[in-house]
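Participant: my questions are about this predicted structure, shown below with the sequence.
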Amino acid sequence: MSFWSRVVGLSVSLVLGAAALARAGELAVSQHGSTLKVKGDHLDASAVFTSQEPNAVQVNGLVRVIPNPGTTVNGVAAIAEFSGVTQISVAVGAASSLIFDHVELDAGITVKNGPMLAQIFVTSSQLGGNLSVSSGQGTLGFDCDDSLIAGKLNVKSGGAADSASLRCVVEGSAQVSLGDGANDLDIGGGSYASLSIKSGGGVDVVTAEAPSIATSLKLALGAGVNHLTLQSTLVGENLAYAGGGGGDFLTAQSLQVGESASFKLGGGGNSLALEDSLFGANLTVVGGSGNDTVTFSGTMGVGGKTKFSLGGGVNTSP
């Protein structure tokens, strides 16, 4: 798909999907050395950032800022172009919808949003440094798709209901920390040096399909009801899951863990179903005070010891 088709499609989806952006605002964009600084005002803002020229040629260090309808850049509703950029720093105070499409930089991107809705898309981009997204107390919608992050990925939100999607390559560590509301995280493949996921007290749904994690996978989900699905997930070293006070519902199929795995389930009624999964070292399952059900099916392999400690409820285990 051409860049302009992507811009039109993504722009339309953002405009239609973010009805809260009723009043658009101003983006003040200035270059300081090789850093491009973007600052929003108290009104909503929506724009596309790209390193592609109009003929679709991608140029390292080129950044074209394309405002969506209603948003202005440096006072005008027109494209602003900058060259020699290695990193982008964005600070917006109101609701924002920002697309970084085919961005190629030697360093990275930092986005800080205020207490309002933030929708951040990073697509088909190459960053030589880190990608950091923080939405404060605002609800976050984040998507990293078909992109290479040579440094670290850090996504943090304190919002009431966050959603995030990861389908990218992160050569450093990846950390995702979501708020206290109902959160939805979809890891649709990609590869990561390590991956850490943390959420708050609401209902959390985490789904991973065919990601590759070189070292460790850590999940610390909140006190609400948690749903975790691991499908064809490869973890090079250790996996650690910790639930909260609510019930946990965990399913893993074709999971491969190079070393040890531990599942510390929540205080409510819990379910852990493992199918066709392999563990290079120990497998430990710890339950809470509720009723726990643990099932194995298909071809299972544990290179070390298997240990169950399922608490005081009515429990079922292999």
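Facilitator: Received it, and whenever you're ready, just let me know what you need.

Participant: buried stuff in the helix or strand encompassing residue 39?
Facilitator: Residue 39 belongs to strand 35-40 when elements are defined using DSSP states H and E. For strand 35-40, burial by neighbour count (16 or more other C-beta atoms under 10 Å) applies to 36, 38, 40. (Each C-beta comes from the backbone N, C-alpha and C, glycine too.)

Participant: how far away from the center of its chain is that strand?
Facilitator: Distance of strand 35-40 from its chain centroid, counting by C-alpha atoms, centre = their mean, to the nearest Å, is 23 Å.

Participant: paired strands for the next helix or strand after that strand, with orientation please.
Facilitator: Using DSSP H and E, the helix or strand that directly follows strand 35-40 along the chain is strand 45-50. The strands beside strand 45-50 in its sheet (DSSP bridges) come out as strand 63-67 (antiparallel), strand 96-101 (parallel).

Participant: looking at these, which is buried most?
Facilitator: Among the strands paired with strand 45-50, the stretch with the highest mean neighbour count (mean count of other C-beta atoms under 10 Å) is strand 96-101, at a mean of 26.

Participant: what angle do that strand and strand 35-40 make?
Facilitator: 150 degrees (axes from the mean of the first three to the mean of the last three C-alpha atoms, to 10 degrees).

Participant: chain center to strand 96-101: distance?
Facilitator: The mean C-alpha position of strand 96-101 is separated from the chain mean by 15 Å, C-alpha atoms, centre = their mean.

Participant: so for that strand, mean pLDDT?
Facilitator: Strand 96-101 comes out with an average pLDDT of 94.

Participant: only C-alpha atoms, please: export the longest strand seen in the chain in CSV.
Facilitator: The residue-count maximum for a strand in the chain (DSSP state E) belongs to strand 163-177. Below are the C-alpha coordinates for strand 163-177, written out as CSV (Å, rounded to 0.1, in the frame of the first residue of the first chain):
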residue,chain,number,x,y,z
SER,A,163,-5.5,-0.6,24.5
ALA,A,164,-2.2,-1.4,22.9
SER,A,165,-1.0,-3.6,20.0
LEU,A,166,2.6,-4.7,19.3
ARG,A,167,3.7,-6.2,16.0
CYS,A,168,7.3,-4.9,15.8
VAL,A,169,10.9,-5.7,16.4
VAL,A,170,12.5,-4.3,19.5
GLU,A,171,16.2,-5.0,19.9
GLY,A,172,16.2,-3.7,23.4
SER,A,173,13.9,-4.4,26.3
ALA,A,174,10.1,-3.7,25.9
GLN,A,175,8.0,-2.5,28.8
VAL,A,176,4.3,-1.9,28.8
SER,A,177,2.5,-0.5,31.8
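
Participant: could you point out which element follows it?
Facilitator: Strand 163-177 is succeeded, C-terminally, by strand 183-187 (DSSP H and E).

Participant: that following strand vs strand 163-177, what angle?
Facilitator: Going by the same axes, to 10 degrees, strand 183-187 makes 90 degrees with strand 163-177.

Participant: list the buried residues in strand 183-187.
Facilitator: If you call a residue buried by 16+ other C-beta under 10 Å, then strand 183-187 has these buried ones: 183, 184, 185, 186, 187.

Participant: same question for stretch 84-95.
Facilitator: Result for stretch 84-95 [16+ other C-beta under 10 Å]: buried residues 85, 86, 87, 88, 89, 90, 92, 93, 94, 95.

Participant: kindly report the same for stretch 134-151.
Facilitator: 134-136, 138-145, 147-151.

Participant: what's the answer for stretch 172-184, then?
Facilitator: 172-184.

Participant: picking up where we left off before, how about the buried residues of strand 183-187, which pair is most distant?
Facilitator: The distance between the two most remote of those (C-beta to C-beta) is 13.0 Å, for 183 and 187.

Participant: do a quick rundown of the helices in the protein.
Facilitator: With DSSP state H, the ranges of helices along the chain come out as 3-17.

Participant: shaky segments in it?
Facilitator: Applying pLDDT under 70 to the chain flags residues 1-24, 159.

Participant: can you pull up the most central residue in this structure?
Facilitator: residue 164 (4.4 Å; C-alpha atoms, centre = their mean).

Participant: and residue 60, what is it in contact with?
Facilitator: 51, 104, 105, 106 (C-beta atoms under 8 Å, 6 or more residues apart in numbering).

Participant: please redo it, this time with the cut-off set to 10 Å
Facilitator: 51, 83, 84, 85, 86, 103, 104, 105, 106, 126, 128 (C-beta atoms under 10 Å, 6 or more residues apart in numbering).

Participant: what's the answer for residue 134, then?
Facilitator: So residue 134 contacts 91, 110-113, 118, 120, 140, 154-158, 177 (C-beta under 10 Å, 6+ apart).

Participant: and the strands in the stretch 1-150 of the chain?
Facilitator: Secondary structure of the stretch 1-150 of the chain (DSSP state E, counting those that start in this stretch): strands at 26-32, 35-40, 45-50, 63-67, 72-73, 80-82, 87-92, 96-101, 104-105, 109-113, 118-123, 126-127, 131-134, 140-149.
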